[in-house]
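J.: 3D model of this:
(chains A and B)
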Amino acid sequence: MVGARRGRARIGLFIGVATILLWTLLPFYWMLATSLAPQRSLIHFPINLYPHNLDLSRFRVIFFGAGLDLPGIDVAGVAAEFRHGLVNSLLIASTTSVIGLLLGGLAGYAFARLRFRLRRPMLLLAICIQMLPPIATVIPLYFMLSHLGLLNSRPGLIVVYCANSVVYVLWLMSTYYRSIPLELEEAARVDGCTRFGALLRVVLPLARPGLVATGLLVFITAWNEFTYALILVNDPVAKTAPVLLTEFSTQFQIDYGMTMTAATLVALPPVLLAFIFQRYIVRGLTAGAVKG
Amino acid sequence: MTIRVHREPGVETLAWALIAPAMTVVLGLGLYPLLYSLWISVERVDLLGGAPGFAGLANYTLLLGDPLVLLAIWHTLYFTVVSISVQSVLGLGIALVLNERFLGRGILRALVFLPWAMPTVANAALWSWIYHPSFGVLSTVLYKLGLVSAPVQWLATPYLAMNMVILADTWKVTPFYAIMFLAALQGIPEELYEAAAIDGAGPFRRCLAITLPLLAPMFLVVLVVRTMEALRVFDVIYVLTGGGPGGGTTVLGWVAYLQAFQNLDFSVGAAAANLMVIGSLIIAWCYARVLRRSAFPEN
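T.: Residues are numbered from 1 along each chain as shown, chains lettered A, B, ... in the order given. This is a model prediction of the structure:
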């Protein structure tokens, strides 16, 4: 009896695991398979569920600018812009992570450990502002950046992303600082460190795992961001990869082969980071929630 | 002789020095734009001519009198409620499976998390290809299984389109629910289950009496985060449907974008965006009340 029930439970579990695995992986598979499928095999129904022969020409177009003849669309042109867009995205996301960590990391320490006037109201204000939807601030930001001459530029986008990441960083880091024993800091101060010195020499080195997790979250968020990038940048010089990914199309139809190739390349960095640094990232996500 | 009470010198100064750069950025690029946006929404800022001047609440009444905007509000609420309900159930199911012991659990946990890292646009583009009206793989698979006889117009039917958008969104964000729920599940002491089993509670009863109540705080947190995200839905609509077909997936964020950056009527666009902010505020306030009540049930 018990054996039978246990056996049934194992089968149920197996079905659950298999379903989850397929549900998770099939869309990834389809994105990659499409990017590698010959163009002709993408335009008949029912479509081949796996590519019969692999075609790397789309990746070649994006990385080496090789020609690819498709009627009605300047693939090489968009591909070159996209390649530049990947560089833009990398520059913007990494700069945002560094500046965000610096500003948010320092402010987070003050909110975690120091008592000062307006501490709670300031924190509350910051969190409320963090919750604003991008579409709500993008209209005024459009005018502001335009006045500052920062529209259509990478610095403009970096500034906006920093504003968005700073609160996130200071929130996550302040919960992380609180997990570091106060005695260590006090010991450093007994040994003659100033408070700021103790922050630099004792707290920050100990907070490295928290900084890594937070930095990764900020990088992934900035890399993936779309709304601001779409509206605040309308110049190939500063366009980011996610925006360019939507431009592999003519007026009438989307070139799904190229779009899936671009999607694969845009998805690769964040997905790879999430896979490698999963422990850090999950800890960051859940740490932020516990105090919420 | 006076004893000087040792007061920490300069803590206040240090604190302000530490938060000043961050708060400058937050206030300058968060609070100021919000106030600016409120101002724009009561002004007439129209790049296509039209006399500038004070408009009062005209832009808001204009929006709320437009049946298409009311429909967009309904769509936004529908998207929020349906997607969060479906994703909560799926996320809980996945978390419960991942909490069991089985071969390859570590690798499955790592894989399940990955869709969360997909850029929203890449995800939307992928699903628009999966839903393609002529060559979509979803139609192909259903056709090969003998469930349909011709490709289905997934995104060309208003009612179907919104649900397909929700499915695309669900694939990407369900891992977030699963990971958060799993973290909460791992925090439940094993002894509780053992004690319940000794008292004769079956697996279903144990789930109902132990797992779900102890999951509630984490569930509330996930609910708050996800509601704020769902109300602002825009990227996935932009790529998948462009608000169509026939306004069938027009959400509030899309209205704001369309008014401001397609029609160049920034005032009406800002007003639409502010409606979203007001809606988010109301919901955040409700959640805060619930959170407070669940944290201090005796009050």
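J.: could you list the low-pLDDT ranges of the stretch 101-250 of chain A?
T.: Low-confidence segments of the stretch 101-250 of chain A (pLDDT under 70): A:250.
J.: now with 80?
T.: Low-confidence segments of the stretch 101-250 of chain A, defined by pLDDT under 80: A:249-250.
J.: go on, the stretch 1-150 of chain B?
T.: Looking along the stretch 1-150 of chain B with the criterion set at pLDDT under 80, you get B:1-9, B:44-53, B:55.
J.: can you tell me how far B:Cys102 sits from B:Ala183?
T.: Actually, residue B:102 is Phe. It isn't Cys. To B:Ala183, B:Phe102 is 19 Å away according to C-beta to C-beta, to the nearest Å. For glycine as for every other residue, the C-beta is placed from the backbone atoms N, C-alpha and C.
J.: with neighbour numbers in mind, choose between the two.
T.: Taking neighbours as other C-beta atoms under 10 Å in any protein chain shown, B:Phe102 and B:Ala183 compare with B:Ala183 leading, 18 against 13.
J.: same for the longest helix along chain B, what does it pack against?
T.: In chain B, assigned by DSSP state H, the helix with the most residues is helix B:67-99. When contacts are defined as 3 or more C-beta pairs under 8 Å, 6 or more residues apart in numbering or on different chains; DSSP states H and E, helix B:67-99 sits against helix A:2-36, helix B:105-113, helix B:158-186, helix B:212-231, helix B:252-257, helix B:266-295.
J.: how far is that helix from where the chain is centred?
T.: For helix B:67-99, the separation from the chain centroid amounts to 9 Å (computed by C-alpha atoms, centre = their mean, to the nearest Å).
J.: that helix vs helix B:212-231, what angle?
T.: Relative orientation of helix B:67-99 and helix B:212-231, computed by axes from the mean of the first three to the mean of the last three C-alpha atoms, to 10 degrees: 140 degrees.
J.: nearest residue to the middle of chain A?
T.: Centroid-nearest residue in chain A, with C-alpha atoms, centre = their mean: A:Ile220, separated by 1.8 Å.
J.: how much space separates that one from B:Val69?
T.: Plainly put, A:Ile220 is 34 Å away from B:Val69 if you go by C-beta to C-beta.
J.: just the pLDDT for A:Gly292.
T.: Here the pLDDT value assigned to A:Gly292 is 43.
J.: near chain B, which residues of the stretch 51-200 of chain A?
T.: Within the stretch 51-200 of chain A, the positions near chain B by C-beta under 8 Å from any C-beta of the partner chain are A:103-104, A:106-107, A:109-111, A:114-117, A:119, A:122, A:125-126, A:129-141, A:143-144, A:159-160, A:162-163, A:166-167, A:170, A:195-196.
J.: need the contact list for the nearest residue to the residue nearest to the centre of chain A once chain neighbours are set aside.
T.: Distance criterion C-beta to C-beta, 6 or more residues apart in numbering or on different chains; nearest residue to A:Ile220, sequence neighbours excluded, is A:Pro270 at 4.5 Å. For A:Pro270, the contact set (C-beta atoms under 8 Å, 6 or more residues apart in numbering or on different chains) comprises A:219-220, A:223-224, B:117-119.
J.: now, of those residues, which are buried?
T.: Neighbour-count burial (16 or more other C-beta atoms under 10 Å in any protein chain shown) is assigned, among the contacts of A:Pro270, to A:219-220, A:223-224, B:117-119.
J.: output the contacting helices and strands for the longest helix seen in chain A.
T.: Criterion DSSP H: the longest helix present in chain A is helix A:75-113. For helix A:75-113, the packing partners by 3+ C-beta pairs under 8 Å, 6+ apart come out as helix A:57-64, helix A:119-130, helix A:154-178, helix A:208-224, helix A:241-244, helix A:256-276, helix B:11-26.
J.: anything in the next helix or strand after the last one near chain A?
T.: On the C-terminal side of helix B:11-26, the closest following helix or strand by DSSP states H and E is helix B:32-42. Yes. Helix B:32-42 comes into contact with chain A when judged by C-beta under 8 Å from any C-beta, the residues involved being B:32-34, B:36-37, B:40.
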